[in-house]
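Asks: I would like to see how this sequence folds:
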Amino acid sequence: MSLFSSGKYSTLRLPARGERKMVIPDGSWVKCKKCGQTLYMDRLKDNQLVCWHCNCHLPMTSEDRIASLVDENSFEEIAQDLRSKNTLNFTDSKSYSDRLSESEKKTGLNDAIVCGSATLEGRPFMLGVMDFRFMGASMGSVVGEKIARLVESATERKIPVVLVTASGGARMQEGMLSLMQMPKTCGALQRHKDAGLPYFAILTNPTYGGVTASFATVGDVIIAEPGAMIGFAGPRVIQETTNSKLPEGFQTAEFLLEKGLIDRVVERKNLRKELAFLLEIFKK
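Replies: Numbering: from 1, shown residues only. Model (predicted):
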């Protein structure tokens with residue numbers, strides 16, 4: 001017992017009855033999805049949700065993303081009252097209506113994208129930011145309608161469009177109505193282009209499915225964050241379908257930059273500066 005009574009060794013002392021215990025609030029720490037390191041949330045927010053151990057770019061909420069890309073108090077939301085409906089009366093393990101209600105309560109959002117007008121260093125533009133927390137930022141009728149209205153407003157005002165993507169793809173609960181949003185959004189962007197106006201796409205992790213196959217990949221300049229996974233179907237599905245080994249780094253932003261699908265891989269800390277540069281050189 002002398003071993004444990006020696007001052008050379010420390011022992012864990014349980015709090016005595018009535019003694020105040022140290023309480024760590026929920027959400028104070030988060031584990032990095034890439035390297036597994038435990039990160040202090042306040043410091044992580046100061047670092048724009050980028051792990052300082054492995055440079056993993058963790059998901060951002062639409063609110064934080066907007067704040068990081070626009071002048072303070074310049075963002076004015078549009079079409080905020082639009083809400084999806086269970087037009088097809090779709091039910092899997094639960095009804096689509098219930099899933100929508102749960103996502104609204106969890107996120108405080110009406111759907112998977114927030115759209116509005118803003119300025120950056122005084123330059124006006126229209127901005128849409130997808131939020132993966134809302135049903136995996138799947139693209140349904142409301143997402144497509146909000147993007148279309150955003151682009152049409154930009155065309156009318158003769159200003160650029162910026163869309164930040166993060167999505168699992170089309171919203172299966174809306175069936176064909178969801179797939180119709182692909183040509184709808186691209187049609188609006190084509191009219192914007194015909195007017196001689198620029199569109200910049202910022203692809204974040206993950207960007208998949210119908211979003212990748214439509215508005216995410218038709219930008220005049222396509223930017224992606226480091227390590228972002230971008231594609232139509234996931235790597236496992238492709239590997240099983242083709243029965244072949246996929247190349248290293250398949251579908252990562254760096255791989256797609258090498259293959260020419262995207263134009264730049266930009267770290268989150270530099271995105272604001274990069275966007276300001278683009279708005280300046282593409283100004284009409």
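
Asks: distance between the ends of stretch 38-48?
Replies: End-to-end distance for stretch 38-48, by C-alpha to C-alpha, to the nearest Å: 16 Å.

Asks: For it, list every residue counted as buried.
Replies: Of the residues in stretch 38-48, 39, 44, 48 count as buried by neighbour count, 16 or more other C-beta atoms under 10 Å. Quick note: C-beta positions are derived from backbone N, CA and C, even for glycine.

Asks: got the residues you listed as a markdown table, with secondary structure and pLDDT columns?
Replies: Converted to a markdown table, the buried residues of stretch 38-48 look like this (DSSP: H, G, I helix; E, B strand; the rest coil; pLDDT from 0 to 100):
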| residue | secondary structure | pLDDT |
| --- | --- | --- |
| L39 | strand | 94 |
| L44 | helix | 93 |
| Q48 | coil | 93 |
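
Asks: Considering those, which is situated nearest to Q239?
Replies: L39 (31.4 Å; C-beta to C-beta).

Asks: Not counting residues beside it along the chain, what's closest to the closest one?
Replies: Nearest residue to L39, sequence neighbours excluded (C-beta to C-beta, 6 or more residues apart in numbering): V30, at 5.4 Å.

Asks: Checking my notes, that neighbour in a strand, right?
Replies: Yes: assignment of V30 by DSSP: H, G, I helix; E, B strand; the rest coil places it within a strand.

Asks: how about the helix or strand containing L100: buried residues?
Replies: If you go by DSSP states H and E, L100 is part of helix 96-107. For helix 96-107, burial by neighbour count (16+ other C-beta under 10 Å) applies to 96, 99-100, 103, 107.

Asks: quick one: average confidence on the one helix or strand I222 maps to?
Replies: If you go by DSSP H and E, I222 is part of strand 221-224. In this model, strand 221-224 carries a mean pLDDT of 98.

Asks: hmm, who's touching that strand?
Replies: Contact with strand 221-224 is made by 198, 200-204, 216, 230, 253, 256-257, 261-266, 271, 274, 278, as judged by C-beta atoms under 8 Å, 6 or more residues apart in numbering.

Asks: could you dump that strand to CSV, C-alpha only?
Replies: Presented in CSV, the C-alpha positions along strand 221-224 are these (Å, rounded to 0.1, in the frame of the first residue of the first chain):
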residue,chain,number,x,y,z
VAL,A,221,-15.9,28.7,-62.0
ILE,A,222,-16.2,25.6,-59.9
ILE,A,223,-14.4,25.6,-56.5
ALA,A,224,-14.2,22.7,-54.0
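
Asks: Adjacent strands (with direction) for that strand?
Replies: With DSSP bridges as the test, strand 221-224 is paired with strand 199-207 (parallel), strand 264-265 (parallel).

Asks: Work out the gap between the first one and the centre of the chain.
Replies: The one in question is strand 199-207. In this view, strand 199-207 has its centroid 8 Å away from the chain centroid, taken as C-alpha atoms, centre = their mean, to the nearest Å.

Asks: in it, what counts as buried?
Replies: In strand 199-207, counting by 16+ other C-beta under 10 Å, buried: 199-207.

Asks: tell me the mean pLDDT over it?
Replies: pLDDT averaged over strand 199-207 gives 98.

Asks: again with the last one
Replies: Regarding strand 264-265, the rounded mean pLDDT is 98.

Asks: show me what contacts K146?
Replies: Listed by C-beta under 8 Å, 6+ apart, the contact partners of K146 are 78-79, 82, 111, 113, 115, 128.

Asks: Buried residues, the helix or strand harbouring it. List them.
Replies: Using DSSP H and E, K146 maps to helix 141-157. Within helix 141-157, the residues scored as buried using 16+ other C-beta under 10 Å are 141-151, 153-155.

Asks: In terms of helices and strands, where is the residue sitting nearest the centre point of the chain?
Replies: Centroid check for the chain by C-alpha atoms, centre = their mean gives A166 as the closest residue, at 3.5 Å. In this assignment (DSSP H and E), A166 forms part of strand 161-167.

Asks: That strand pairs with which strands, and in what direction?
Replies: When DSSP bridges is applied, strand 161-167 pairs with strand 123-130 (parallel), strand 199-207 (parallel).
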